[in-house]
Each structure stands twice: as structure tokens, then as C-alpha cells.
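# Sequence and predicted structure below; questions after.
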Amino acid sequence: MTHNINKDYIGAKIGMWLFLFTEILLFGGLFVLYSVYLHRYPDEFHLAGQELNVYFGTANTLVLLTSSFSMALSITALQKENKKLCMVLLIITMVLACVFLVNKYFEWGAKIHHGIYPDSPTLLERPKGEIIFFGLYYIMTGLHGLHVLIGALIIFVVLVLVAKNRVTSSDFVAVENTGLYWHLVDMIWIYLFPLFYLVV
Amino acid sequence: MHAEEKHIVEFNVLFKVLIALFVLTGVTVLAGNIDLGYFNVVVALLIATAKASLVVFFFMHLKYEGGLFKIMVLLAFVILAIFIGFTFFDVAFRAN
């Protein structure tokens, strides 16, 4: 009996990692696109990158790193049979995800207010390299933002499962897999941040 | 295998990882202010990879997983490196 549960546990995690590999390849393709265009238009990428707000970017990096930390802590708390602490940490993770998205909303809002959005007349007057930079910026941070949103929803579902004792200290793979997804989202941002906000 | 499955990562270990991640974020922002030419991208990617490794090994518990998981993750990143590396060879040696 115990043996079967153990097998399920490893299988569930392998399945989650396999899914994460497909996500890595999805973003990997976009990173290839980014690097090829950076190679072709280094000056335009530099100029356009200067227009992004480094403070917003850095703040969001710290928010996402902290949320990864609280997610990892929630698993430790659950393993130590501290259900209440686990739930508090999951809620903190969700709140931080929302802070990230609100920051992103203001950041995109400011850019759109200045007339910089895909296919906008202001943007189309600019050099080709800058149009591509902002195109990639909206696609990549947008797709990442979508992942943050989905991650927050999954964390909410897991929170409910923990509250209902469907996920416990002896059967916690759902929290662990949610954590894996969340850390992947964090990892992608770790690469997006310097590539878009700090291009020199 | 059984011991690894039950491994609990302590609070203080995770906290140290978070501090390291914050410090590396500071380093990457500072490095972005120095003009190293094309090496800026290299430095930025190296720091990002150091941060990603911390996340994968500690937050994602890979350090405490069995060999199968380590090989799988390594393989995925090797494939990604080939994917990106070969594209770069193509782009770098084109006539225009």
C-alpha cells in the first residue's frame, strides 16, 4: 500500500517536470527570437530598453523572488504538519502574485499612455529594431503575466484543498507541483528582467 | 529513495537562498550600469543562470531529488542550450 503511494508520488512529480520542460521550450523559442534580433539591432534594443522603468522591473523581481520563497516555505510548513502556517504562506504567495500583476498593469498602462503598444501609430514611426523590441516586450512579459495569473489561480485551488484536508502532510504532492510551476514562472522572470530592463 | 522523498528543507536554508537571490539581483542591476559592450549580455545571463540554479536546486528541491530527476532536468537544459547555441552559429556566420 505504502509502496503504491510512493510510486504515485514520484510519477506525479515526473509528470509535472515533463510539463515544465514544454514550458521551457515555449519560452526558449521566444528567447531565441530575442537573441537573434538583439544581434541584428543592438543599438535600437539599447535605446528602447532605456525607456523601460528599471525601478518597476527591480521591484517586481524582488516581489516574485519573495513569492517563490513563501511558496517553498509553505511546503516545509505542511511537511511539518503546520497547516495554518502553510495556508498563511500560500495566501502571502497569492497576494505577492497580485502585487506583481498590479505593477505590471501600471507599467503597461504608462507605456500605452505614451502611445507605445503593438501597431500603434507612434510606435510604427520608430526604427524597425525598436518596433521589434517592444513587440517582444509585450509578447514575452504578456505571456509571462498570463502564467503569473494562472499560477495564482492554481495556488488558490491548492489553498482550498489544504483547508479541506484534501492535501495533507502525508499527501502533499499537489502543493509541491504547484510550487514547481510557480518557481518556473519565477525563473523565467529572472531571465526576462535583465534582457529587457538592463540591455546596454 | 525513501529518505529523499521525505526531505524537509529547513526555513533557514530557504531564507539564505532568498538573501542570495536578492544580492544577485542587486549585482545584476549594478552590472547593467557598467558598459562592457557585448559582454553585458553575457554577464547578465551568467548572473541570471546563477539565480535560476539556486531556484531549481533549493526552491524546486532538485538538490534533494534522486538521480532520475537530475538527469531529466539536465537533459532538458542541454537540449535548450543546443537549440539556442546552434541558432547563434547560424546567425553569427551569415553573410548579412
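Okay, I see it. Fair warning: this is a prediction, and the values are worked out from it, not measured in the lab.

# mind checking the SS state of B:Leu30?
Recorded secondary structure, B:Leu30: helix (DSSP: H, G, I helix; E, B strand; the rest coil).

# contacting residues around it?
B:Leu30 makes contact with no residue under the criterion CB atoms under 8 Å, 6 or more residues apart in numbering or on different chains. For glycine as for every other residue, the C-beta is placed from the backbone atoms N, C-alpha and C.

# swap the cut-off to 10 Å and go again
Residues counted as contacts of B:Leu30 (CB atoms under 10 Å, 6 or more residues apart in numbering or on different chains) are A:Leu198.

# so what's A:Ile155 closest to, chain neighbours aside?
Leaving aside its sequence neighbours, A:Ile155 sits nearest to A:Met94 (CB to CB, 6 or more residues apart in numbering or on different chains; 5.2 Å).

# how far away is A:Gly179 from A:Gly151?
Using CB to CB, to the nearest Å, one gets 10 Å for the distance from A:Gly179 to A:Gly151.

# Need the overlap of contacts for these two.
Each of A:Met71, A:Thr93 lies in contact with both A:Gly179 and A:Gly151 under the rule CB under 10 Å, 6+ apart.

# and the residue nearest to A:Ile155, what element?
Per DSSP states H and E, A:Met94 falls inside helix A:83-113.

# residue contacts, A:Lys128?
For A:Lys128, the contacting residues are A:Tyr37, A:Arg40, A:Tyr41, A:Glu44, by CB under 10 Å, 6+ apart.

# and the second one, how many neighbours does it have?
It stands for A:Arg40. 15 (other CB atoms under 10 Å in any protein chain shown).

# which non-adjacent residue is nearest it?
A:Gly129 (7.3 Å).

# how many neighbours does the one you found have?
Other residues near A:Gly129 number 18, with proximity taken as other CB under 10 Å.

# In chain B, where's the longest helix?
Secondary structure assigned by DSSP state H gives helix B:67-92 as the longest helix of chain B.

# does chain A sit close to that one?
Yes - with CB under 10 Å from any CB of the partner chain as the criterion, chain A is reached by helix B:67-92 at B:68-69, B:72-73, B:75-77, B:79-81, B:83-84, B:86-88, B:90-92.

# tell me the pLDDT at the residue nearest to A:Ile155?
pLDDT recorded at A:Met94 is 97.

# same question, the one 3 residues further on
Each residue has a pLDDT score; the one for A:Ala97 is 97.

# go on, A:Gln79?
On the pLDDT scale, A:Gln79 is placed at 92.

# ok, back up a step: can you name the next helix or strand after the helix holding A:Met94?
Next element after helix A:83-113 (DSSP H and E): helix A:121-124.

# Check the average confidence over that following helix, would you?
For helix A:121-124, the mean pLDDT works out to 90.

# what's the answer for stretch B:8-16, then?
Taken as a whole, stretch B:8-16 has a mean pLDDT of 93.

# remind me which residues of chain B are low pLDDT?
Applying pLDDT under 70 to chain B flags the ranges B:1-6, B:95-96.

# where along chain A do the helices fall?
Ranges of helices within chain A are A:2-40, A:42-50, A:54-79, A:83-113, A:121-124, A:128-163, A:173-197, based on DSSP H.

# Report the contact partners of residue 58.
Since no chain was named, I'll use chain A. Residues in contact with A:Thr58 (CB under 10 Å, 6+ apart) are A:Phe193, A:Tyr197, A:Leu198, B:Thr25, B:Gly26, B:Thr28, B:Val29.

# if you could check chain B rather than the one you did, that'd help
By CB under 10 Å, 6+ apart, B:Phe58 lies in contact with A:68-69, A:72, A:183, B:9, B:13-14, B:16-18, B:20-21, B:64.

# For chain B, what's its nearest residue on chain A.
At 3.2 Å from chain B, A:Leu198 is the closest residue in chain A, using CB to the nearest CB.

# Chain neighbours aside, what residue packs nearest to that residue?
Sequence neighbours aside, B:Gly32 is the residue nearest to A:Leu198 in space, at 3.2 Å (criterion: CB to CB, 6+ apart).
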